[in-house]
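Novice: model this:
(one chain, ligands or ions: 1)
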Amino acid sequence: MRSRKSNRSGKSGAGRNPTGPQTLICGNAGVVGMGLMGSSIVACLLAAGHTVVAVEADPVRVRKAPRQVLSLLKGLREESLLRSDPRRIMRRLTISQDYSALRQSQIVVECVTEDLNVKREVIRRIEQAVSPGTVIGSNTSAIPPTALQQDALHPERILGIHWAEPAHITRFMEIICGEGTLPVYAERAFALARQLGKEPSLLRKDVRGFITNRIMYAMLREAFHLVESGVASIADVDRSLRNDLGYWITFAGPFRFMDLTGIPAYCAVMRDLLPELDCSQQVPPLMTRLVESGAQGVANARGFYDYTPAQARRWEKRFLKFSYDVRALARKYPEENGSCIGGTVERTASDKQREARKQGLERRSTG
Ligand SMILES: NC(=O)c1ccc[n+]([C@@H]2O[C@H](COP(=O)([O-])OP(=O)(O)OC[C@H]3O[C@@H](n4cnc5c(N)ncnc54)[C@H](O)[C@@H]3O)[C@@H](O)[C@H]2O)c1
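Specialist: Sure, this is the predicted structure:
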């Protein structure tokens with residue numbers, strides 16, 4: 001893979017990471033699918049100095065996407081996270097309906113609809129366009145990368161690269177190896193993540209939903225259960241979560257939080273509460289009804305809450321502003337290294353092997 005010197009103009013959070021490697025793993029990146037996430041991923045890559053080719057199937061979105069990406073870059077600039085003129089940066093972006101435009105890409109992130117067959121077909125088309133060594137990352141929310149590797153020409157370079165919206169602001173990234181992924185490709189994805197200013201996590205096993213979505217969906221299921229069984233209203237559930245979990249989760253993950261607030265009480269509560277939590281395997285009826293009615297959330301001003309179109313736009317803007325604010329706050333409290341209990345428990349041989357691979361990755365990715 002070609003590498004080049006770190007780009008000085010990319011001041012975005014997105015773009016600067018003093019602890020990251022000094023060279024970029026790539027200069028040419030591709031993104032397929034220019035919806036909500038594709039647009040912010042493109043903004044993130046551009047702000048970090050990459051040249052980006054985006055492929056989008058819908059001609060209306062092809063037309064609208066440049067304005068959307070430009071507005072995200074302007075937001076970074078307004079927050080003093082980007083030095084260069086957003087309009088100049090936009091010259092490094094090409095948007096096309098033609099997959100062959102991806103041929104120079106050293107990494108391609110697919111960001112299309114969350115549907116296994118659609119994603120498989122998109123990966124098939126990406127593979128026809130790029131060289132055999134190109135890393136192909138899927139921004140799937142929950143599909144195991146192993147399922148995406150089936151029938152691929154070069155499954156060894158396919159992995160999950162899970163971003164969080166808005167991708168040009170958040171530090172989150174999960175890198176998930178499928179059964180057929182070679183570690184060298186995960187290393188490249190890791191190096192890119194660091195260069196983009198992310199704090200990536202590596203998944204040692206390919207499980208549906210990865211880390212955050214497994215935990216978030218367990219929470220969503222219980223949230224629906226509380227509403228549908230009449231315990232609390234939607235607004236009350238939202239308010240409680242914002243003011244409790246929302247208060248500490250950017251500072252500490254669940255295990256650190258238990259350390260901070262006293263472990264034995266959690267053990268006692270678990271004993272009595274876990275048997276009472278919802279463990280239904282069906283999509284909640286409230287969710288099904290809402291989706292069948294055509295509600296998409298603020299995207300079409302119809303969701304769990306009522307919005308006028310102006311209110312929906314205001315919520316989108318507030319979410320972006322909040323993301324910048326919370327990012328600035330979190331940077332005051334960086335992650336501190338230290339050993340944890342996971343380092344002392346007895347492991348199986350295959351666990352040890354995976355751990356060695358993970359540590360190798362971490363050593364290399366922190367340069
Ligand atoms: N929205 C989030 O917060 C979020 C977070 C993490 C991961 N994801 C994942 O990211 C992916 C995209 O989510 P989104 O919210 O951006 O969806 P979206 O509906 O906003 O965008 C999907 C885009 O893909 C395009 N597309 C569909 N088929 C295509 C094809 N064959 N070729 C090219 N373009 C095609 C669509 O036209 C659309 O523009 C999903 O897998 C989703 O699960 C989303």
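
Novice: Restricting to C-alpha, output stretch 54-63 in PDB.
Specialist: This file holds the C-alpha atoms of stretch 54-63, laid out as PDB (Å, rounded to 0.1, in the frame of the first residue of the first chain):
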ATOM      1  CA  ALA A  54     -18.000   8.000  -3.500                       C
ATOM      2  CA  VAL A  55     -20.400   5.700  -5.300                       C
ATOM      3  CA  GLU A  56     -24.200   6.200  -4.900                       C
ATOM      4  CA  ALA A  57     -27.000   4.400  -6.800                       C
ATOM      5  CA  ASP A  58     -29.700   7.000  -6.400                       C
ATOM      6  CA  PRO A  59     -29.200   9.900  -8.900                       C
ATOM      7  CA  VAL A  60     -31.100  12.300  -6.600                       C
ATOM      8  CA  ARG A  61     -28.600  11.600  -3.800                       C
ATOM      9  CA  VAL A  62     -25.700  11.900  -6.200                       C
ATOM     10  CA  ARG A  63     -26.900  15.500  -6.800                       C
END
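
Novice: how about it: buried residues?
Specialist: Across stretch 54-63, burial judged by 16 or more other CB atoms under 10 Å covers 54-56, 61-62. Using the backbone N, CA and C atoms, a C-beta is placed for each residue, glycine as well.

Novice: What average pLDDT does it get?
Specialist: The average pLDDT within stretch 54-63 is 97.

Novice: Farthest-apart pair in the buried residues of stretch 54-63, please.
Specialist: Spatially, the most separated pair among the buried residues of stretch 54-63 is Val55 and Arg61, at 10.8 Å (CB to CB).

Novice: give me every residue that touches the residue lying closest to Tyr305 once chain neighbours are set aside.
Specialist: With sequence-adjacent residues excluded and distances taken as CB to CB, 6 or more residues apart in numbering, Tyr305 is closest to Ile234, at 7.4 Å. Contacts for Ile234 (CB atoms under 8 Å, 6 or more residues apart in numbering) come out as 227, 304-305.

Novice: Ile234 and Glu228: what is the separation?
Specialist: 10 Å (CB to CB, to the nearest Å).

Novice: go on, Gly33?
Specialist: With CB to CB as the criterion, Gly33 and Glu228 are 33 Å apart.

Novice: Between these two, tell me which one has more neighbours.
Specialist: Legend: neighbour count by other CB atoms under 10 Å for Gly33 and Glu228, higher for Gly33 (24 against 14).

Novice: quick one: the residue in the stretch 151-300 of the chain that the ligand sits nearest to from Leu182, how far?
Specialist: Minimum separation of the stretch 151-300 of the chain from the ligand (CB to the nearest ligand atom) falls at Glu165, amounting to 3.5 Å. Glu165 sits 29 Å away from Leu182, going by CB to CB.

Novice: And the two? Which one has more around it.
Specialist: Glu165 (17 against 14).

Novice: in a strand, that's where that one is, yeah?
Specialist: No. Per DSSP: H, G, I helix; E, B strand; the rest coil, Glu165 lies outside any strand segment and is coil.

Novice: Check what pLDDT the residue nearest to it when sequence neighbours are not counted gets.
Specialist: Sequence neighbours aside, Met37 is the residue nearest to Glu165 in space, at 5.6 Å (criterion: CB to CB, 6+ apart). Per-residue pLDDT puts Met37 at 97.

Novice: and Asn213, what is it in contact with?
Specialist: 141-142, 162.

Novice: go again using 6 Å as the cut-off
Specialist: 141-142 (CB atoms under 6 Å, 6 or more residues apart in numbering).

Novice: do the helix or strand containing it and the ligand meet?
Specialist: Secondary structure from DSSP states H and E places Asn213 in helix 212-228. No. Judged by CB under 6 Å from any ligand atom, helix 212-228 stays clear of the ligand, getting no closer than 8.1 Å.

Novice: Check stretch 282-301 too.
Specialist: No. Stretch 282-301 stays clear of the ligand (CB under 6 Å from any ligand atom), getting no nearer than 7.7 Å.

Novice: What are the buried residues along that stretch?
Specialist: So, applying 16+ other CB under 10 Å, buried residues of stretch 282-301: 284, 287, 290, 298, 301.

Novice: for that stretch, how far is the first residue from the last?
Specialist: Distance between the two ends of stretch 282-301: 26 Å, counting by CA to CA, to the nearest Å.
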